[in-house]
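>>> Predicted model and sequence follow; I will ask about them next.
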Amino acid sequence: VPELPEVETVRSRLAPDLEGRTIVRARIDDPRLVRPEPPEAIAAMLEGLRIERVERRGKYLLLRFDDGGTLAIHLRMTGNVLRRVAGAEPPKALRAELELDDGSLVAYTDLRRFGTWELFRDDETVADFLAQRLGPEPFSDGFSPAFLYGAVHRRQSPLKAVLLDQRVVAGLGNIYADESLWAAKIHPELPASRLRRPDAERLHGTIREALAAGIAAQGASIRDYRMPDGGHGSAQERFAAYGRTGLPCPRCGTPIRRLVVGQRGTHICPHCQRTPRGRKPPPVDRLP
Ligand SMILES: [Zn+2]
């Protein structure tokens, strides 16, 4: 599932090829991608638009157009944006495609079809849309230790569930939340209200570090995520906790355990990340 590092990698790879190009032809094959709008209408509106900038906000990839409009693409579970040359065999699960004025193609594939394309006609509506859904970017000044502490300390839910709220920190998802909590030695089921200020400070640092490491490794290609050229990211090779059930904790050697927190598979070191006092240890979710 693409999170900030994966979407940022897609953005940085696409930007040099797409910025300044005009969409000469658009095709949207899957009505789910743009519903409730009719796919033909959105495709017709995209044709003729010049892409000024390729940006990212949280997990949204944003194509900013010369007419002030923006296409906000969310990859959700299995979406991918791939570059291909005309005449090459179409990729699997192709849902939409843009042809640019240099003859190149931008393909959107999505096996599970949860991804969305939303077209906004002006800056104000897209800014409102994003502001309602997203808190500060993790590398912005707005995401400070004090902001993180303030955003979580009134909430009773398990800390990990609160961290996945995109209004707390935009772009953090299941994978990098596990890595951040492991690095900060904090149990994901700690009630958010019990996070102490020094722990919030440490966690603020480990969230930035986990996301920065993910970007440096060009994202994690665990299942479906690919770079626009089809290449794989390598972030998964450096994970300490995520997806490492039964393997030794890199810090202490204790086997990593898998739990379910807020319905999400969660990976912890039971030695480094102590069960919060006053709570029974969570049941271990058995793998098939
Ligand atoms: Zn450990």
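Ah, there it is. Numbers count the residues shown, from 1 in each chain.

>>> give me every residue that touches the residue lying closest to residue 167 once chain neighbours are set aside.
Nearest residue to residue 167, sequence neighbours excluded (Cβ to Cβ, 6 or more residues apart in numbering): residue 135, at 4.3 Å. C-beta: built from backbone N, CA, C; applies to glycine. Residue 135 makes contacts with 142-143, 151, 165-170, as judged by Cβ atoms under 8 Å, 6 or more residues apart in numbering.

>>> Just the closest of the residues you listed to the ion, please.
Nearest to the ion among those, counting by Cβ to the ion, is residue 169 at 24.2 Å.

>>> and that closest one, how many neighbours?
Residues within reach of residue 169, counting by other Cβ atoms under 10 Å, total 31.

>>> What distance do you get for the nearest residue to it once chain neighbours are set aside to residue 211?
Leaving out its chain neighbours, the residue that sits closest to residue 169 by Cβ to Cβ, 6+ apart is residue 138, at 5.2 Å. Residue 138 sits at a distance of 6 Å from residue 211 (criterion: Cβ to Cβ, to the nearest Å).

>>> neighbour count winner among those two?
In this view residue 138 and residue 211 are compared by other Cβ under 10 Å, and residue 211 has more residues nearby, 25 against 22.

>>> Assumed that one was part of a helix.
Yes: counting by DSSP: H, G, I helix; E, B strand; the rest coil, residue 211 is located in a helix.

>>> got the phi/psi numbers for the residue of the stretch 101-250 of the chain found nearest the ion?
Here the residue of the stretch 101-250 of the chain nearest the ion is residue 249; by Cβ to the ion that distance is 3.1 Å. In terms of degrees, to the nearest 10, the main-chain angles of residue 249 are phi -60, psi 130.

>>> how near is residue 148 to residue 162?
From residue 148 to residue 162 the distance is 10 Å (Cβ to Cβ).

>>> shared neighbours, these two?
residue 168.

>>> for residue 256, helix, strand, or coil?
strand.

>>> Please enumerate the helices of this protein.
4-18, 39-46, 123-133, 145-152, 159-163, 174-184, 197-216 (DSSP state H).

>>> Does anything pack onto the fifth one? Which helices or strands?
So the one you mean is helix 159-163. helix 145-152, helix 174-184, strand 264-268 (3 or more Cβ pairs under 8 Å, 6 or more residues apart in numbering; DSSP states H and E).

>>> Adjacent strands (with direction) for the shortest one?
Going back to what we said before, that points to strand 264-268. strand 257-261 (antiparallel) (DSSP bridges).

>>> Any part of the strand it pairs with near the ion?
No: applying Cβ under 5 Å from the ion, one finds strand 257-261 separated from the ion by no less than 10.3 Å.

>>> That strand: which residues count as buried?
Buried residues in strand 257-261, counted by 16 or more other Cβ atoms under 10 Å: 257-259, 261.

>>> That strand relative to helix 174-184, how many degrees between them?
120 degrees (axes from the mean of the first three to the mean of the last three Cα atoms, to 10 degrees).

>>> Make 206 the starting number, not 1.
Sure, I'll start counting at 206 from here, so that last one is strand 462-466.

>>> Off-centre distance for strand 462-466?
In terms of Cα atoms, centre = their mean, to the nearest Å, the centre of strand 462-466 is set 20 Å apart from its chain centre.

>>> got it, and stretch 424-439?
Stretch 424-439 sits 13 Å away from the centroid of its parent chain (Cα atoms, centre = their mean).

>>> Run through the bridge partners of the residue nearest to residue 278 when sequence neighbours are not counted.
Counting by Cβ to Cβ, 6+ apart, residue 278 lies nearest to residue 266, which is 4.4 Å off, once chain neighbours are set aside. With DSSP bridges as the criterion, residue 266 is bridged to residue 261, residue 278.

>>> surely residue 266 meets residue 216?
Yes: Residue 266 is within contact range of residue 216, at 5.9 Å (criterion: Cβ atoms under 8 Å).

>>> and for these two, which residues touch both?
What both residue 266 and residue 216 touch, as defined by Cβ under 8 Å, 6+ apart, is the set 259-260.

>>> higher neighbour count, these two?
residue 266 (23 against 20).

>>> what's that one in contact with, if anything?
212, 215-216, 219, 259-260, 277-280, 286.

>>> sorry, back to before: what do residue 343 and residue 416 both touch?
Common neighbours of residue 343 and residue 416, counting by Cβ under 8 Å, 6+ apart, are 209, 376-377.

>>> For residue 381, give me its contacts.
Residue 381 touches 208-210, 412, 415-416, 419, 447, counting by Cβ under 8 Å, 6+ apart.
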